[in-house]
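Chemist: below are the sequence and a predicted model; questions follow.
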Amino acid sequence: MIQIEDLRLVSALSDSRSLSAAARSLRVTPPALSTRLKHLEVKLGFNLAVRSSHRLGLTAEGERFAAEARQLLERLEALPETVQTEGRALSGSLRVCAPFGFGRQHVAPLLGQFCALHPRIELSLDLLETPWPAKRNADVVIHIGEVRDSSWVAHPLAPNERWLCASPAYLKTGRFVPKTPREVLAHPCICIRENEEDATLWHCRKRGRGGRPAGERQSLRIAPALTTNDGDVARRWCEQGLGLTLRSEWDAAPAVAGRRLVRLLPEWSFGEVPVLALTPARTGATARARELLRFLQQAFAPDPAWRS
């Protein structure tokens, strides 16, 4: 008979790149995990994993088994919440995933405060370059930008735009300040690869009344002087005077306030990329996740730190 430990084992294997990593997540030794895996494969009558000296991968049967195991574990974890009385202290695991820069600067401090309020919650924070859609087993994924995926429910946390910026040092080198989006093409630009977007295609619209985008959209095909997958690196290159960059407001606004950067073409909108919290649509948000969502929404209201 399949035990709950078997489900956790296969789920951990699915989320890990090596047997050692899976063993660490289950708090057992690699030899003990290997033995348990062999016994489970004998019990099932088929191989779950393909092992090598450097990597661990699941077989097709293992992938299907892991998907079923994850669903069963999610239902088992949510079961106590269906009978949990109001006012009872929240407990259990809560898996959160966020982008590196925003997660480190804004999410991690708030999660520390949240855990102080709910000490019985076992919280895990993973910081990734692109947490969505990579982290499918998370309870809450913090994402910046729009999401078109019916398997996730998006909960708005904070407004955020893309700002076109340059450093004061760059503008003092005799470079002309662009007055229109097309003039941006005459400057060296720094592009950021993120969220599988076309990093060299920038879109903008003229602002109307109230600052909302109202004009016809223009698209700029950038020939980048520099490209990176790290927004913090792009901002630092921009601060060094290496060119113009398009950066999230949450990161650019403090640099502009500190006079390390200058915002260009503010009368144009280069796109809204709101900060969202995503929860799985299939299983729904747990009580722990719902409480975290409320906490984060209150923390970012009425205006986030970068707009205060």
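Modeler: Good, I have the coordinates.
Chemist: residue boundaries of the helices in the stretch 151-300 of the chain?
Modeler: 168-171, 231-239, 249-257, 287-300 (DSSP state H, counting those that start in this stretch).
Chemist: then the stretch 1-150 of the chain?
Modeler: Counting by DSSP H, counting those that start in this stretch, the helices of the stretch 1-150 of the chain are 4-15, 19-26, 30-44, 60-82, 100-102, 108-117, 131-134.
Chemist: so what secondary structure elements neighbour the first one?
Modeler: I take that to be helix 4-15. Counting by 3 or more Cβ pairs under 8 Å, 6 or more residues apart in numbering; DSSP states H and E, the packing neighbours recorded for helix 4-15 are helix 19-26, helix 30-44, strand 56-58, helix 60-82. Yep, even glycine has a C-beta here, placed from its N, CA and C like the rest.
Chemist: angle of it against helix 30-44?
Modeler: 110 degrees (axes from the mean of the first three to the mean of the last three Cα atoms, to 10 degrees).
Chemist: what's helix 4-15 in contact with?
Modeler: The contact list for helix 4-15, computed with Cβ atoms under 8 Å, 6 or more residues apart in numbering, reads 19, 22, 25-26, 33, 36-37, 40, 43, 48-49, 56, 58, 62-63, 65-67, 69-70, 72-73, 76, 137.
Chemist: ok, back up a step: need the helices and strands packed on helix 4-15 in CSV with mean pLDDT and distance to Glu291, can you?
Modeler: Converted to CSV, those look like this (pLDDT from 0 to 100; distance: least, Cβ to Cβ, whole Å):
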stretch, mean pLDDT, distance to Glu291
helix 19-26, 82, 24
helix 30-44, 87, 33
strand 56-58, 82, 33
helix 60-82, 76, 11
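Chemist: using JSON lines, lay out those together with mean neighbour count and distance to Thr279.
Modeler: Below are the helices and strands packed on helix 4-15 laid out as JSON lines (neighbours: other Cβ atoms under 10 Å; distance: least, Cβ to Cβ, whole Å):
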{"stretch": "helix 19-26", "mean neighbour count": "18", "distance to Thr279": "22"}
{"stretch": "helix 30-44", "mean neighbour count": "14", "distance to Thr279": "30"}
{"stretch": "strand 56-58", "mean neighbour count": "16", "distance to Thr279": "25"}
{"stretch": "helix 60-82", "mean neighbour count": "15", "distance to Thr279": "12"}
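Chemist: so which of those gets nearest Leu244?
Modeler: helix 19-26 (40.4 Å; Cβ to Cβ).
Chemist: distance to Met1, mean neighbour count and mean pLDDT added to the helices of the stretch 151-300 of the chain, as JSON lines?
Modeler: Listed next are those as JSON lines, based on distance: least, Cβ to Cβ, whole Å; neighbours: other Cβ atoms under 10 Å; pLDDT from 0 to 100:
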{"stretch": "helix 168-171", "distance to Met1": "67", "mean neighbour count": "15", "mean pLDDT": "94"}
{"stretch": "helix 231-239", "distance to Met1": "49", "mean neighbour count": "20", "mean pLDDT": "96"}
{"stretch": "helix 249-257", "distance to Met1": "50", "mean neighbour count": "20", "mean pLDDT": "97"}
{"stretch": "helix 287-300", "distance to Met1": "30", "mean neighbour count": "18", "mean pLDDT": "94"}
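Chemist: distance to Arg193 added to the ones you listed, as TSV?
Modeler: Listed next are these as TSV, based on distance: least, Cβ to Cβ, whole Å:
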stretch	distance to Arg193
helix 168-171	22
helix 231-239	10
helix 249-257	16
helix 287-300	26
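Chemist: now for this protein, the helix or strand with the poorest mean pLDDT.
Modeler: The weakest-scoring helix or strand in the chain, judged by mean pLDDT, DSSP states H and E, is helix 131-134 (a mean of 67).
Chemist: Throw the helices of the stretch 1-150 of the chain into JSON lines and include distance to Pro274, thanks.
Modeler: Shown next, in JSON lines, are those (distance: least, Cβ to Cβ, whole Å):
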{"stretch": "helix 4-15", "distance to Pro274": "28"}
{"stretch": "helix 19-26", "distance to Pro274": "32"}
{"stretch": "helix 30-44", "distance to Pro274": "41"}
{"stretch": "helix 60-82", "distance to Pro274": "27"}
{"stretch": "helix 100-102", "distance to Pro274": "12"}
{"stretch": "helix 108-117", "distance to Pro274": "17"}
{"stretch": "helix 131-134", "distance to Pro274": "13"}
